[in-house]
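Student: the following block contains a protein sequence and its predicted model.
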Amino acid sequence: MDRLDPNTTNATPEADLRAVDQSVVGGGTPAGAFDPWSYRDEAGVAGTNLAGYKVEASDGSIGKIDSDSSEVNASYLVVDTGPWIFGKKVMLPAGTVNHVDHEEQKVYVDRTKDQIKAAPEYDETATDPAYRDKLGGYYNDTYAATPPGNGLR
């Protein structure tokens, strides 16, 4: 029988995979359940007013943040899309934010322009739980459509 060297790792490949940080998988998607209304810890938002920051989808610019909310379990961005979708505003749940570059004043979201364009229409008067459930459900469903390795960092 061979002696095991205590200074080397004798783990199986499966054990090595379990040792990898499982908090984020390819594309910045949380490995656990998607929480649409909370910023990810690693996004770099903590206590920052994001109004005026530009927003970058995974395939290009979509507009500027008109307003934001940092309410616990109810955080979101309202983005003025300008001419991109005919001057409409869209609401992006905080969970779509991949990371923030404060020097460039840009917020990167892990959705494509088409996914954002196809989201339930934003209605400034719709603050009811039914609208939030519908919007949160839509963005939760789009994680299945986000290809792995589509990270923006």
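Tutor: Happy to help now that I have it.

Student: the strands in this protein, which residues?
Tutor: 24-25, 29-30, 54-57, 60-69, 76-80, 89-93, 97-101, 106-109 (DSSP state E).

Student: what's the closest of the ones you listed to residue 136?
Tutor: Smallest distance to residue 136 across those (Cβ to Cβ): 5.8 Å, for strand 89-93. Every C-beta, even on glycine, is put in place using the N, C-alpha and C of the backbone.

Student: so who does the residue lying closest to residue 94 once chain neighbours are set aside touch?
Tutor: In space, and not counting its chain neighbours, residue 94 is closest to residue 75: 3.6 Å by Cβ to Cβ, 6 or more residues apart in numbering. Applying Cβ atoms under 8 Å, 6 or more residues apart in numbering, we find residue 75 in contact with 37-39, 68-69, 93-94.

Student: for those residues, which one is nearest residue 132?
Tutor: Nearest to residue 132 among these, counting by Cβ to Cβ, is residue 37 at 7.3 Å.

Student: do I have it right that that closest one meets residue 136?
Tutor: Yes - between residue 37 and residue 136 there is a contact under Cβ atoms under 8 Å: 6.5 Å.

Student: which neighbours do those two share?
Tutor: Shared contacts of residue 37 and residue 136, counting by Cβ under 8 Å, 6+ apart, come down to residue 93.

Student: count of neighbours near residue 43?
Tutor: Neighbourhood size, residue 43 [other Cβ atoms under 10 Å]: 19.

Student: what do you get for residue 42?
Tutor: Neighbours around residue 42, by other Cβ under 10 Å: 13.

Student: how close does it get to residue 56?
Tutor: 17 Å (Cβ to Cβ, to the nearest Å).

Student: closest to the centroid, which residue in the chain?
Tutor: Closest residue to the average C-alpha location of the chain: residue 96 at 2.4 Å, with Cα atoms, centre = their mean.

Student: output the longest helix belonging to the protein.
Tutor: As assigned by DSSP state H, the longest helix anywhere in the chain is helix 129-142.

Student: packing partners of that helix?
Tutor: Identification of packing neighbours for helix 129-142 by 3 or more Cβ pairs under 8 Å, 6 or more residues apart in numbering; DSSP states H and E yields strand 89-93.
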